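J.: the sequence isn't on hand, but the structure is:
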């Protein structure tokens, strides 16, 4: 993950790791029985297929519309890019495939009675017409609001917040206001407060930051420092610098391709991110945000624990290594532990 969050989702991963340590039946012969064919048997035809991109990646959430026998029905592709229409009337049919930002694809054909038709993979290409792809600023803001609302419901094991991950295959950039809103929402989440409290208790038990002392006073100082660390990390690395450099603070889940390609993607997104133009670029906001947050933290840490510039840069390097591990967790594990999370296009 891009953000060096010392006491929020990164600690969620730590807590999860600690917790992990603790017929076919043959039909009877009816050849001699004079049974009349039912309408369902006569019209029991079906059409199925897969929608993919130019490079073979499957597309989820593509709207597929079928026109056949005077009837029209619609569906969406699933996580494997598959669609299926059953009980289709035989005869001529038309399939239309639509997804925002892609050319609308149309397929026609003829379906026979009782036929289970499997189509060749349907390839969607990017829409070359700018006037058709571009949406109004108001519409784009509304779509981003819907994405934020979905992300705010993402909780690992139904509890731990996981806001800064987008599972949408066609995300839109966030406005400056939305970046600050997401950062603030993460900070005031009660479970993040509990995580900070637990982390401060661990530091108290191991006597980390000895300059704070022990007792309730020492615990209060540690809790205040951890809370400040999380706040600075979210606001500087997740809102202020992303707004300044026009970059997106979220991790964009890949979920497709080979294991090797997904590992490479997770590691690469430690130092690159998507800009507001949705193009990949060097992650200035995340890395400089880590440096800034580390420098500011020296103002409230004990004198004996304050670091010079060299140590601060070393801390950023350690943070990047932790972010790489966190991205790998996001790509291969966290989605499975997050209930009600689907990778679908926002309407």
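T.: Noted; the coordinates are in hand. Everything numeric in this text was worked out from a predicted model, so none of it was measured. Residues are numbered from 1 along each chain as shown.

J.: and residue 250, what's its pLDDT?
T.: Listed pLDDT for residue 250 reads 94.

J.: no no, residue 217
T.: Residue 217 carries a pLDDT value of 92.

J.: following the host helix or strand of it, which helix or strand shows up next?
T.: Assigned by DSSP states H and E, residue 217 falls within helix 215-235. Per DSSP H and E, the first helix or strand lying C-terminal to helix 215-235 is helix 241-245.

J.: could I get the average pLDDT for that next one?
T.: 95.

J.: which of the residues in the helix holding residue 217 are buried?
T.: For helix 215-235, a neighbour-count test (16 or more other C-beta atoms under 10 Å) marks 218-219, 221-223, 225-235 as buried. For the C-beta atoms, the positions are set from N, CA and C on the backbone; glycine is no exception.

J.: give me the contacts around that helix.
T.: Residues outside helix 215-235 that contact it (C-beta atoms under 8 Å, 6 or more residues apart in numbering): 3-8, 180, 183-184, 186-187, 192-193, 196-197, 199-201, 203-204, 208-209, 212-213, 289-290, 292-293, 296-297, 300-301.

J.: in the buried residues of helix 215-235, find the pair that's most separated.
T.: Using C-beta to C-beta, the buried residues of helix 215-235 reach their maximum pairwise distance at 218 and 235, which is 26.0 Å.

J.: quick check, nearest of the buried residues of helix 215-235 to residue 71?
T.: Nearest to residue 71 among the buried residues of helix 215-235, counting by C-beta to C-beta, is residue 234 at 51.1 Å.

J.: what's the closest non-adjacent residue to that closest one?
T.: residue 183 (4.4 Å; C-beta to C-beta, 6 or more residues apart in numbering).

J.: swap in residue 78?
T.: residue 60 (6.4 Å).

J.: try residue 324
T.: Spatial nearest neighbour of residue 324, chain neighbours left out: residue 270 (4.6 Å); criterion: C-beta to C-beta, 6+ apart.

J.: and for residue 71?
T.: Spatial nearest neighbour of residue 71, chain neighbours left out: residue 89 (6.9 Å); criterion: C-beta to C-beta, 6+ apart.

J.: likewise for residue 297?
T.: Excluding the flanking residues, the one nearest residue 297 by C-beta to C-beta, 6+ apart is residue 229, at 6.0 Å.

J.: same check, this time on residue 254
T.: residue 265 is the one closest to residue 254 (C-beta to C-beta, 6+ apart), at 4.9 Å.

J.: can you tell me how far that neighbour is from residue 225?
T.: 34 Å (C-beta to C-beta, to the nearest Å).

J.: need the per-residue pLDDT for residue 15.
T.: Confidence score, pLDDT, at residue 15: 41.

J.: where does the stretch 51-200 of the chain have low pLDDT?
T.: 127-139 (pLDDT under 70).

J.: how about the strands of it, start to end?
T.: Here the stretch 51-200 of the chain has its strands, by DSSP state E, counting those that start in this stretch, at 63-68, 71-76, 82-88, 91-98, 105-111, 116-118, 122-123, 155-156, 160-161, 165-166.

J.: reformat the ones you listed as TSV; add distance to residue 44 and mean neighbour count.
T.: Shown next, in TSV, are the strands of the stretch 51-200 of the chain (distance: least, C-beta to C-beta, whole Å; neighbours: other C-beta atoms under 10 Å):
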stretch	distance to residue 44	mean neighbour count
strand 63-68	13	18
strand 71-76	15	12
strand 82-88	6	16
strand 91-98	14	16
strand 105-111	11	14
strand 116-118	9	13
strand 122-123	23	18
strand 155-156	43	21
strand 160-161	47	22
strand 165-166	40	22
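
J.: what are the buried residues along the longest helix anywhere in the chain?
T.: Scanning the chain for the helix with the most residues, using DSSP state H, yields helix 309-332. Buried residues in helix 309-332, counted by 16+ other C-beta under 10 Å: 312, 315-316, 319-320, 322-331.

J.: could you check the angle that helix makes with helix 215-235?
T.: 70 degrees (axes from the mean of the first three to the mean of the last three C-alpha atoms, to 10 degrees).

J.: could you chop the chain up by domain?
T.: 45-130, 136-337 (automatic domain parsing).

J.: and the helices in the stretch 1-150 of the chain?
T.: 9-21, 39-42, 130-133, 137-151 (DSSP state H, counting those that start in this stretch).

J.: pull the number of nearby residues for residue 102.
T.: 20 (other C-beta atoms under 10 Å).

J.: ok, it - contacts?
T.: Neighbour list for residue 102: 62, 124-127 [criterion: C-beta under 8 Å, 6+ apart].

J.: roughly how far does residue 258 sit from residue 264?
T.: Going from residue 258 to residue 264 by C-beta to C-beta gives 9 Å.
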